[in-house]
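Trainee: what's the 3D shape of this:
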Amino acid sequence: MGVEEEFLLVDPVTGVAVNRAAGVVAAARELFGLELDHELTGSQVETNTSVCTDVEQVRRELLRTRSVVARAARAAGCRAIAVGAPPLGDMTGVITDDLRYRRIARAFGALAEQQLICGCHVHVAVPDRETAVQVCNHLRPWLPLLGAITANSPFSRGADTGFASWRQMVWSRWPVSGPPPYFTSWQHYQAVSDTLLDAETALDQGMIYWDVRPSAHLPTVEVRVADVAASVHDAVLLAALARALVTKAVAEVERGVLAVPVPVETLRQASWRAAKDGLTGSTLDVLSGRKLPVRQQLIALVRELTPVLDANGDLALVERGLRVLDRDGCGADRQRRAFREGGTEDLLTLLDADAAQRPSGHGMAVVKMAGDVDLSNSDELERRCTEAMDAGAEEVVLDLSEVAYFGSSGITALERIRAQGIERRVPISVTASATVARVLNATAMDNLLPLREQPRAPLPTAG
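Mentor: Presented below is the predicted three-dimensional model:
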């Protein structure tokens, strides 16, 4: 599994797109050792994770790459933001000086120049191309839902478009975009692709821009429907759901189960409505034929995928992502709220590529555990610390002052928490009960994690 994310480069103050990709790519390579990819215009860069074995690895890599992109952009005198379409300024960019991109610009004119939109693509491995085509058929009904929960582009030219994902509207102008047809075989897929190339509505396999497709160069299915996510939480949720859908689909293909051949026009209507309203709206459930709330459809999908998510080890991260959606809404909801409350600066701060790592006024987070800490709940300690750091805590204090028993699994959790703190430059300290202090001393963990003095009980007052 791998994730590609595209970021928009903007002026640090005005938020208008700037042609700084060359400088950002150079800074990322020279200062941080990360290779970024150029995109169609000089106002975009793309990141790629390595081949990840689980979604937790995806989360860690996205945090790192987003941090590097943000720092490289600052070094190049601009700002990297995670947004589906430019919220401010003109939609036109400068075409990157590359043979393929110049060819696209000559063939598609203003369509190419206005391609400042940024997406998130999730690659999931499949056994072969024939399986890939059938898996795409199984994923087609879920594309509107995946697009709705990741919608992150409500603004254009400084005004609210009325859409949660304006990127989807811009994207839909390309001749080969949106939901793909239903394909009976790899041969059928190739025949249609050849027709598109002959018609020159796509100049190469990479320009077959359907929302899900067999990768042109990897043994994967590529889910392409999403705006670049507003936060790492959203990207991780997308990756976990895409992985689970592909895993389930591969199993069904191996059993000979055919996907429901939902008409393309039905999918287009559902996708349009999902892009319009995002998470808070309703769209057509293409399998039942009923218009249902997006949140209701998402609950049903997660319930159906729970055995697969659990087997993949991704269920906890999906549940965390759902809690973030319930609390904050999708990216479009957060953008509207930030712009309404704080204008341009609050909007750009929300969208900064490294928003998860940047101190955000949350200060010190206290994570408290009481009673026994053992194999049954040590993962909760780690999870809560991770959530505090994801939310922008500048320091995390583990309050273990009321813990009566602290087992070896607790020590293992502390080691992982400390490693996270070092990686993300968040200080970790412990307020320990006498029992916990003895365990930390016996294992030498007190040399690695500072111990805080327990608050003293107030002295009784006279009288």
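
Trainee: Quick one: distance of the longest helix belonging to the chain to the chain centre.
Mentor: Ranked by residue count and defined by DSSP state H, the top helix of the chain is helix 232-254. Averaging C-alpha positions (C-alpha atoms, centre = their mean, to the nearest Å) puts helix 232-254 13 Å from its chain's average.

Trainee: Tell me the helix or strand right after that helix.
Mentor: The helix or strand immediately downstream of helix 232-254 is helix 264-277, counting by DSSP states H and E.

Trainee: packing partners for that following helix?
Mentor: Judged by 3 or more C-beta pairs under 8 Å, 6 or more residues apart in numbering; DSSP states H and E, helix 264-277 is in contact with helix 143-149, helix 166-171, strand 177-178, strand 282-285. All C-beta atoms are positioned from the backbone trio N, CA, C, and that covers glycine.

Trainee: can we see that at 6 Å?
Mentor: helix 143-149, strand 282-285 (3 or more C-beta pairs under 6 Å, 6 or more residues apart in numbering; DSSP states H and E).

Trainee: what packs against the first one?
Mentor: The one in question is helix 143-149. strand 220-227, helix 264-277.

Trainee: what about the strands in the stretch 301-450 of the chain?
Mentor: Counting by DSSP state E, counting those that start in this stretch, one finds strands in the stretch 301-450 of the chain at the ranges 364-373, 395-406, 428-432.

Trainee: okay if I get the ones you listed as TSV plus mean neighbour count and mean pLDDT?
Mentor: Formatted as TSV, those follow (neighbours: other C-beta atoms under 10 Å; pLDDT from 0 to 100):
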stretch	mean neighbour count	mean pLDDT
strand 364-373	16	88
strand 395-406	20	90
strand 428-432	21	88
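
Trainee: Nearest to residue 143 among those strands would be which one?
Mentor: Closest to residue 143 of the strands of the stretch 301-450 of the chain, according to C-beta to C-beta: strand 364-373, at 37.0 Å.

Trainee: Report how many residues lie close to residue 129.
Mentor: By the other C-beta atoms under 10 Å criterion, the neighbourhood of residue 129 contains 16 residues.

Trainee: pLDDT score for it?
Mentor: In this model, residue 129 is scored at 93, pLDDT.

Trainee: same deal with residue 216?
Mentor: Note on residue 216: pLDDT of 77.

Trainee: can I assume residue 324 is in contact with residue 233?
Mentor: Yes: here residue 324 reaches residue 233: they are 4.4 Å apart, a contact under C-beta atoms under 6 Å.

Trainee: Residue 85 contacts residue 115, doesn't it?
Mentor: No: using C-beta under 6 Å, residue 85 makes no contact with residue 115, being 10.2 Å away.

Trainee: As a markdown table, the strands of the stretch 301-450 of the chain with distance to residue 379 would be great.
Mentor: As requested, those are exported to a markdown table (distance: least, C-beta to C-beta, whole Å):
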| stretch | distance to residue 379 |
| --- | --- |
| strand 364-373 | 10 |
| strand 395-406 | 14 |
| strand 428-432 | 17 |
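
Trainee: Residue 23 is nearest to which of those?
Mentor: Comparing the strands of the stretch 301-450 of the chain by their distance to residue 23 (C-beta to C-beta), the top pick is strand 395-406, with 33.6 Å.

Trainee: So what are the sheet partners of the closest one and their directions?
Mentor: Sheet pairing of strand 395-406 (DSSP bridges) gives strand 364-373 (parallel), strand 428-432 (parallel).

Trainee: So what touches the longest one?
Mentor: Residues from elsewhere that reach strand 364-373, judged by C-beta atoms under 6 Å, 6 or more residues apart in numbering: 381, 384-385, 388, 393, 395-400, 402-403, 405-406, 410.

Trainee: Equivalent analysis for the last one, please.
Mentor: Identification of contacts with strand 428-432 by C-beta under 6 Å, 6+ apart yields 396-401, 417-418, 421, 449-452, 454.
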